[in-house]
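Engineer: this one's structure only:
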Ligand code: GLA
């Protein structure tokens, strides 16, 4: 499309046909350019086994087309109808405790179910054959939020699929035993037949088995996507295909998933009550752009105001819906879509906001919806433009899964680790890409790897080579501790990074709360760079050539290195062994040394500035009026200003 996508999930099957004309009229008023249709319409499209009813959908698509509205057409496979479950209860997923999940909500199927696959394939083929030539068809929308509710399925059918997956990965059971470290706790297997998914067990389960089940489960959802796209490509070649991702979604390795999408799309629901909402949203937008290798992406779902699935659901104050929408566009989105077009009258999402609320046209939300549609129409020239980031943060699902397992030195949140670094860059107006640990990092002035606990040899070598070639690598604690089988990198951890960092780690020493009497986790103290308190993590670092920029002060770590820097080849490698409260001081030094300039004017706290193409986006995320870049912004107000020039990308030559 030569316009930005603007619209939302459209579920006309929830409404009588009389409403449909009003829908199209109001969509036009709101500047809607495209609607996602049919996501949950399986039971309406196939009310009985093999009996398809397409008349109503023909009618809906024709009306949309007549109204100039394009269609992102769903394959409708996300919620199998009750008749299917009644005939084939084997499709139902099973939890790790052995509970069979029932029909009556949605996503009640195992990704490994052959029966589900057969029925879903038949539906996808029927929908594709029916609508492949429909003039409103813009894109195919496969299923919906794969893995959203059922992250992993522990049924017998999945167990069999897991065994096949393991055989393919390891070839023979001896290799598996070695990888899983089954000499520990008498876990050795004598054949693949003995292996089960890591169901609920008396205590800590085998870490590598858990990791492999995470990998397998992510791949199982990938197979659901693959199976549907194979049919779509055969029946409807040339039409772009996507499925909606869910931001920093732990259960699915989105590097692997995104590689299969024609374009990346994302569903993102910030909590309006969370002060960190804007930075979390920004980080997620940057992830989506990165997953697509820098290509424009689509914000496929967000709410215009409140959701209905938190314990208490705050509305978005006036201006926030616009600011977060413009933020997505500024950070590379070619579209802003909502869940959903018309707020439901019945069902589990009737209290979830929509573009057209229960109150109808004469409402704040609809007015904001119309105004945003007009504004986005004026930004069409940005379609297809790309951004370039000078800094990259490493993101790795294996590390996420491993770091957050049980039986570790401390409970850590991978996302929080990344957010800490991201936030400092965001505050400084520095654009960030995310990269895989073995991804292409040449060209970034700075690469940050924090909590990348699992670092296989190839990735270690790649990052070490990046430093020697002139890059600035910043390594945060719990990086390069384990290999891809979760075996420890012996001799001081860090593997090939040990040399470029000029340090080794001798012992982990996270501060801990008293487990019996309770109380807060004590802070650590730092002297030197980022002096003051530090949180969450400490460790015994021994230098082997690195310069010590900061030390721990007090306690058993007193005087030991907390932040180090080591020149190596043409570059430099920093190590940060804790979470300093003043992480900004570290970031300032690193950016200055690496010659990174933000490329946007400095703004007050809580005001985001981003350049895309020849526009400067100013977003006031605070609830007070501010002045930024010579522009007055209301509370939650935004401005999109022409810059007269495209942004200097600030990347190394
Ligand atoms: C997800 C789903 C939608 C809807 C929204 C509600 O994103 O894809 O169908 O349930 O959540 O926030």
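Structural biologist: Cool, the structure landed. This is a predicted model, so every value here is computed, not measured.
Engineer: Quick check on residue 473: phi, psi?
Structural biologist: Per-residue torsions, residue 473: phi -110, psi 130 (degrees, to the nearest 10).
Engineer: Looking at the stretch 451-600 of the chain, which residue is nearest the ligand?
Structural biologist: Distance from the ligand to each residue of the stretch 451-600 of the chain (CB to the nearest ligand atom) is smallest for residue 451, at 26.8 Å. The C-beta positions use only the backbone N, C-alpha and C, and glycine is treated the same way.
Engineer: contacting residues for whichever residue of the stretch 51-200 of the chain sits closest to the ligand?
Structural biologist: Nearest residue of the stretch 51-200 of the chain to the ligand, counting by CB to the nearest ligand atom: residue 145, 4.6 Å away. Applying CB atoms under 8 Å, 6 or more residues apart in numbering, we find residue 145 in contact with 78, 107, 243-246, 267.
Engineer: which one of those has the most neighbours?
Structural biologist: Most neighbours among these, by other CB atoms under 10 Å: residue 244, with 28 neighbours.
Engineer: Spatially nearest residue to it (excluding sequence neighbours)?
Structural biologist: Distances taken as CB to CB, 6 or more residues apart in numbering place residue 300 nearest to residue 244, at 4.3 Å, with adjacent residues excluded.
Engineer: distance between the helix or strand that that neighbour is a member of and the chain's centre?
Structural biologist: If you go by DSSP states H and E, residue 300 is part of strand 297-301. The gap between where strand 297-301 is centred and where its chain is centred comes out at 12 Å by CA atoms, centre = their mean, to the nearest Å.
Engineer: try stretch 45-57
Structural biologist: With CA atoms, centre = their mean as the basis, stretch 45-57 stands 34 Å off its chain's centre.
Engineer: How about stretch 374-382?
Structural biologist: That offset, for stretch 374-382, works out to 26 Å (CA atoms, centre = their mean).
Engineer: Is the strand or helix carrying residue 337 positioned near the ligand?
Structural biologist: Per DSSP H and E, residue 337 falls inside strand 333-338. No - using CB under 6 Å from any ligand atom, we find that strand 333-338 stays clear of the ligand, coming within 9.7 Å at best.
Engineer: Following element in sequence after that strand, please.
Structural biologist: helix 364-377.
Engineer: Next, the angle strand 333-338 makes with that following helix.
Structural biologist: 160 degrees (axes from the mean of the first three to the mean of the last three CA atoms, to 10 degrees).
Engineer: Give me the helices and strands touching helix 364-377, please.
Structural biologist: strand 5-10, helix 320-330, strand 333-338 (3 or more CB pairs under 8 Å, 6 or more residues apart in numbering; DSSP states H and E).
Engineer: Name the residues that touch that helix?
Structural biologist: Contacts of helix 364-377 (CB under 8 Å, 6+ apart): 3-4, 6, 26, 29-32, 304-305, 318, 321-322, 325-326, 329, 336, 338, 353-357, 359-360, 640.
Engineer: Now the two most distant members of the contacts of residue 145.
Structural biologist: Pairwise distances across the contacts of residue 145 (CB to CB) peak at 15.3 Å, for the pair 107 and 245.
Engineer: Can you pull the residues of the stretch 1-150 of the chain lying near the ligand?
Structural biologist: 144-145.
Engineer: and the chain, which of its residues are near the ligand?
Structural biologist: Within the chain, the positions lying close to the ligand (CB under 6 Å from any ligand atom) are 144-145, 267, 269, 301, 307, 339, 349, 352.
Engineer: out of the residues you listed, what pair is the most spread apart?
Structural biologist: 144 and 307 (16.1 Å).
Engineer: These two: which is more packed in?
Structural biologist: With neighbours defined as other CB under 10 Å, residue 144 and residue 307 compare such that residue 144 has more, 23 against 20.
Engineer: how near is that one to residue 19?
Structural biologist: 23 Å (CB to CB, to the nearest Å).
Engineer: mind giving me the domain split of the chain?
Structural biologist: 5-155+210-382, 391-594, 607-642 (automatic domain parsing).
Engineer: one step back: out of the contacts of helix 364-377, which are buried?
Structural biologist: If you count burial by 16 or more other CB atoms under 10 Å, the buried members of those come out as 3-4, 6, 26, 30-32, 304-305, 318, 321-322, 325-326, 329, 336, 338, 353-357, 640.
Engineer: Buried residues in stretch 277-294, which are they?
Structural biologist: 277-292.
Engineer: pLDDT (mean, whole number) over that stretch?
Structural biologist: Average pLDDT, stretch 277-294: 98.
Engineer: Check stretch 43-58 too.
Structural biologist: Mean predicted lDDT for stretch 43-58 stands at 98.
Engineer: and the end-to-end length of it?
Structural biologist: 16 Å (CA to CA, to the nearest Å).
Engineer: Stretch 262-276 now?
Structural biologist: Per CA to CA, stretch 262-276 runs 31 Å from first to last residue.
Engineer: so of the contacts of residue 145, which ones are in helices?
Structural biologist: Members of those lying in helices (criterion: DSSP state H): none.
Engineer: Can you get me the start-to-end distance on stretch 304-322?
Structural biologist: 9 Å.
Engineer: ah, wrong one, I meant stretch 27-37
Structural biologist: Start-to-end span of stretch 27-37 (CA to CA) is 14 Å.
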